[in-house]
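Enquirer: Take a look and give me a structure for this.
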Amino acid sequence: MAEGIFRELAGDLFEVHSAGSRPAGYVHPKAIAVMAEVGVDILAHTSKHVNDFLDKDISVVITVCGNADQACPTFPGKVIRYHWGFDDPAHATGNDSEVLDVFRRVRDEITGVFGAYAAGYRQALNTDQAKVF
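Expert: Residues are numbered from 1 along each chain as shown. Have a look, this model is predicted:
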């Protein structure tokens, strides 16, 4: 969900990739469903391992789940790191409706935080302060 949200909010500012330290091997169907509710299509997204990106020129790493900030490898060069921990909705319990509500809540939380980051970055670009992001 984070990749789809960030592409939607800041894809014109950043080349956005998503990966995990323990990828599930698929994109959760409920994630696809709740993203479609807000007009973001992640049906073609895939589950990738973070090691697939170690040879890429990465300047910002944002970790979003649990201890992902501790499990994320070190990228070469100067990399800015952020950790914004959200619940992993794939671990939600309850009936179908309750689990979907968790996916929606996490989607909305990610949207709020990533939206603020993108807005701050845009503002910094206008004042030539983007290097702090």
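Enquirer: I'd like the average pLDDT over the helix ranked longest in the chain.
Expert: Among the segments of the chain that qualify as a helix by DSSP state H, the longest is helix 96-126. Mean pLDDT, computed over helix 96-126, is 95.
Enquirer: ok, now stretch 52-66?
Expert: Stretch 52-66 comes out with an average pLDDT of 84.
Enquirer: Can you show me the strands along this protein?
Expert: 60-65, 80-86 (DSSP state E).
Enquirer: which one of the ones you listed lies closest to Phe14?
Expert: With respect to Phe14, and counting by CB to CB, the nearest of these is strand 60-65 at 7.2 Å. Heads up, the C-betas are built off the backbone N, CA and C, glycines and all.
Enquirer: Strand partners (parallel or antiparallel) of that closest one?
Expert: Paired strands of strand 60-65, with direction, are strand 80-86 (parallel) (DSSP bridges).
Enquirer: what comes up buried for the partner strand?
Expert: Neighbour-count burial for strand 80-86 flags 84, 86 (criterion: 16 or more other CB atoms under 10 Å).
Enquirer: got the angle for that strand vs helix 96-126?
Expert: Direction vectors for strand 80-86 and helix 96-126, defined by axes from the mean of the first three to the mean of the last three CA atoms, to 10 degrees, enclose an angle of 150 degrees.
Enquirer: Distance from strand 80-86 to the middle of the chain?
Expert: Once both centres are worked out by CA atoms, centre = their mean, to the nearest Å, strand 80-86 turns out to sit 9 Å from its chain's centre.
Enquirer: and it, what's its mean pLDDT?
Expert: Strand 80-86 comes out with an average pLDDT of 88.
Enquirer: go on, stretch 21-35?
Expert: pLDDT averaged over stretch 21-35 equals 92, rounded to a whole number.
Enquirer: So which bits of the longest helix of the chain are buried?
Expert: When neighbours are counted by 16+ other CB under 10 Å, the buried residues of helix 96-126 are found to be 99-100, 102-104, 106-107, 110-111, 113-114, 117-118, 121.
Enquirer: Make JSON lines from these and add distance to Pro29 to it.
Expert: Formatted as JSON lines, the entries for the buried residues of helix 96-126 read as follows, by distance: CB to CB, whole Å:
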{"residue": "Val99", "distance to Pro29": "11"}
{"residue": "Leu100", "distance to Pro29": "11"}
{"residue": "Val102", "distance to Pro29": "14"}
{"residue": "Phe103", "distance to Pro29": "10"}
{"residue": "Arg104", "distance to Pro29": "14"}
{"residue": "Val106", "distance to Pro29": "15"}
{"residue": "Arg107", "distance to Pro29": "14"}
{"residue": "Ile110", "distance to Pro29": "18"}
{"residue": "Thr111", "distance to Pro29": "20"}
{"residue": "Val113", "distance to Pro29": "24"}
{"residue": "Phe114", "distance to Pro29": "22"}
{"residue": "Tyr117", "distance to Pro29": "27"}
{"residue": "Ala118", "distance to Pro29": "27"}
{"residue": "Tyr121", "distance to Pro29": "32"}
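Enquirer: Alright, I will stop here.
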